[in-house]
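>>> Build me a structure from this.
(one chain, ligands or ions: 2)
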Amino acid sequence: MKVHEYQAKEVLSKFGVPVPKGRVAFSADEAFSIAKEIGGTVVVKSQIHAGGRGKGKFTSGFQGGVKLAKTPEEAKELASKMVGNILVTHQTGPEGKKVEKLYITEASDIKKEYYLGIVLDRARECNVIMASTEGGVEIEKVAAETPEKIVKVWVDPMLGLQKFQVRELGFALGFEGDTMKSFGGLIEKLYAAHEASDSTLTEINPLITTPDGKVIALDAKMNFDDNALFRHPDIAALRDITEEDPLEVEASKFDLNYIKLDGTIGCMVNGAGLAMATMDVITLEGGVPANFLDVGGGATTERVKNAFRILLSDKNVKAVMINIFGGIVRCDIIAEGVIAAAKEIGIRLPVVVRLQGTNAEKGMEMLKSSGQNLLTASSLQEAAALAVKASKGE
Ligand code: ADP
Ligand code: MG
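Ligands and ions are numbered 1, 2, ... in the order given. Prediction:
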């Protein structure tokens with residue numbers, strides 16, 4: 001689960017990580033009063049689930065999703081140009097994201113910007129801390145062009161972050177004296193926050209030093225492990241569904257594992273492994289899947305109906321491929337669900353169905369005699385070939 005910068009900073013400050021003070025605003029008027037309360041120069045920051053806001057551009061033509069404001073009046077003026085508008089950054093894709101909230105925060109005096117990130121290294125089965133003197137800019141670019149400028153430290157989950165590792169990171173960033181001390185405190189708290197909140201990614205870009213030797217987290221991004229949210233009700237409450245894909249939100253209401261992709265063939269499959277294999281075969285046949293969808297082992301008529309409805313509401317879908325293996329679930333039940341859904345929703349697209357396993361023949365018979373326009377296939381390859389052809393209008 002992703003959260004906004006202001007929410008990540010709330011989590012981090014609970015653990016004592018130093019962040020500039022600030023508050024969230026939903027309107028230009030609120031931005032004005034918060035800027036007045038903070039006093040001095042503030043920064044007006046668009047809150048969307050994507051980075052690169054500083055260099056982003058609004059579809060209105062207004063440049064920059066992160067701006068300095070010297071007065072509350074200026075903060076209000078900038079806020080009115082951001083809130084309610086679509087911000088496009090290198091992370092949002094060309095369609096951009098609508099800005100609904102702003103973070104009004106005190107402006108910090110920046111001596112230098114650094115990068116600091118903690119992420120799970122699945123291959124090494126532990127967290128890796130990455131640090132770089134090339135902060136503030138796109139870290140993806142640094143990783144691609146000058147990977148030697150990123151220092152990595154792997155943390156043993158049993159031992160935790162060690163002092164020598166803290167020093168190693170600090171020296172790599174060129175810190176000494178008070179700045180080194182300040183950095184040491186920050187990284188230990190940041191790591192504690194990452195572990196205790198079951199974060200899968202904690203990224204501070206930029207981490208900054210101030211002229212008086214302090215180290216502060218100026219930006220913050222945190223992603224949390226969905227499977228651990230049950231033990232963090234306070235973090236689970238930070239979920240902002242307006243930032244998520246509406247179809248994925250709808251699917252999660254019915255416990256369907258649905259991930260939207262950008263192809264044209266809607267897939268409905270039971271079991272994650274079979275769903276992956278189905279997507280592979282579609283690709284092999286020259287098509288592009290529009291989604292990943294696992295209806296689960298215990299697919300009922302109701303689930304199939306909802307899954308079908310969600311698939312068809314994706315405007316990019318040109319053909320549907322249903323691939324079900326009847327193990328726990330019986331194929332005739334699936335056929336019943338597909339027919340019921342087809343009757344209720346109405347099929348405007350070619351639908352290819354492949355059923356295998358328990359009661360497969362009965363299910364196929366039901367589909368063929370349903371009077372609905374359903375194409376059937378017995379092998380996975382054949383089904384994929386049919387779906388790909390149909391998706392291309394052939
Ligand atoms: P994004 O990563 O989405 O572009 P950031 O929060 O990193 O957003 O902001 C972009 C840049 O804006 C930073 O690299 C920094 O130079 C400047 N900035 C952000 N917050 C502040 C702040 N509180 N004070 C001063 N400058 C800031
Ligand atoms: Mg940033």
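>>> Counting neighbours, what do you get for the closest residue to ligand 2 within the stretch 151-300 of the chain?
Closest contact between the stretch 151-300 of the chain and ligand 2, by CB to the ion, is at Asp219 (3.5 Å). For every residue, glycine as well, the C-beta is placed using N, CA and C. Asp219 sits with 22 neighbouring residues when counted by other CB atoms under 10 Å.
>>> care to break this protein down by domain?
As given by automatic domain parsing, the domain ranges for the chain are 21-106, 112-236, 246-391.
>>> Select, out of those domains, the one closest to Val3.
Val3 lies closest to domain 112-236 among those, at 5.8 Å (CB to CB).
>>> That closest one and ligand 1, are they touching?
Yes: Domain 112-236 reaches ligand 1 (CB under 6 Å from any ligand atom) through Glu113, Gly136, Asn205, Pro206, Leu218, Asp219.
>>> Mind checking the pLDDT average for that domain?
Domain 112-236 carries an average pLDDT of 96.
>>> what's the answer for stretch 16-25, then?
Regarding stretch 16-25, the rounded mean pLDDT is 97.
>>> What residues of that stretch count as buried?
Neighbour counts using 16 or more other CB atoms under 10 Å place Val17, Val19, Pro20, Gly22, Arg23, Val24, Ala25 of stretch 16-25 among the buried residues.
>>> ok, of those, which one's closest to Val295?
Val295 has its nearest neighbour among the buried residues of stretch 16-25 in Val24, at 37.9 Å by CB to CB.
>>> How about that closest one: what's its closest non-neighbour residue?
Leaving aside its sequence neighbours, Val24 sits nearest to Tyr6 (CB to CB, 6 or more residues apart in numbering; 4.9 Å).
>>> close enough to count as contact, that neighbour and Gln47?
Yes: using CB atoms under 8 Å, Tyr6 is in contact with Gln47, at 6.0 Å.
>>> Give me the more crowded residue out of those two.
Neighbour count, other CB under 10 Å: between Tyr6 and Gln47, Gln47 has more, with 25 against 21.
>>> show me what contacts the more buried one?
The contact partners of Gln47, by CB atoms under 8 Å, 6 or more residues apart in numbering, come to His4, Glu5, Tyr6, Val24, Val99, Glu100, Lys101, Leu102, Tyr103.
>>> Could I get the contacting residues of the closest residue to Lys2 other than its chain neighbours?
With CB to CB, 6+ apart as the criterion, Lys2 has its nearest non-adjacent residue at 4.6 Å, and that residue is His49. By CB under 8 Å, 6+ apart, the residues touching His49 are Lys2, Val3, His4, Lys97, Asp240, Glu243.
>>> Report pLDDT for the third one.
Spelled out, it's His4. If you check His4, the pLDDT there is 97.
>>> tell me, how many neighbours does Thr200 end up with?
The local packing of Thr200 (other CB under 10 Å) involves 17 other residues.
>>> for stretch 148-165, the distance to its chain's centre please.
Offset of stretch 148-165 from its chain centre (CA atoms, centre = their mean, to the nearest Å): 26 Å.
>>> Need the residues that contact that stretch.
Here stretch 148-165 makes contact (CB under 8 Å, 6+ apart) with 115, 121, 124-134, 139, 142-143, 168-169, 172-173, 184, 187-188, 191, 195.
>>> got the buried residues for it?
By neighbour count with 16+ other CB under 10 Å, stretch 148-165 contains the buried residues Ile150, Val151, Val153, Val155, Leu161, Gln165.
>>> In strands, which of those fall?
Ile150, Val151, Val153, Val155 (DSSP state E).
>>> possible to save those as JSON lines with distance to ligand 2?
Shown next, in JSON lines, are these (distance: CB to the ion, whole Å):
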{"residue": "Ile150", "distance to ligand 2": "16"}
{"residue": "Val151", "distance to ligand 2": "19"}
{"residue": "Val153", "distance to ligand 2": "21"}
{"residue": "Val155", "distance to ligand 2": "23"}
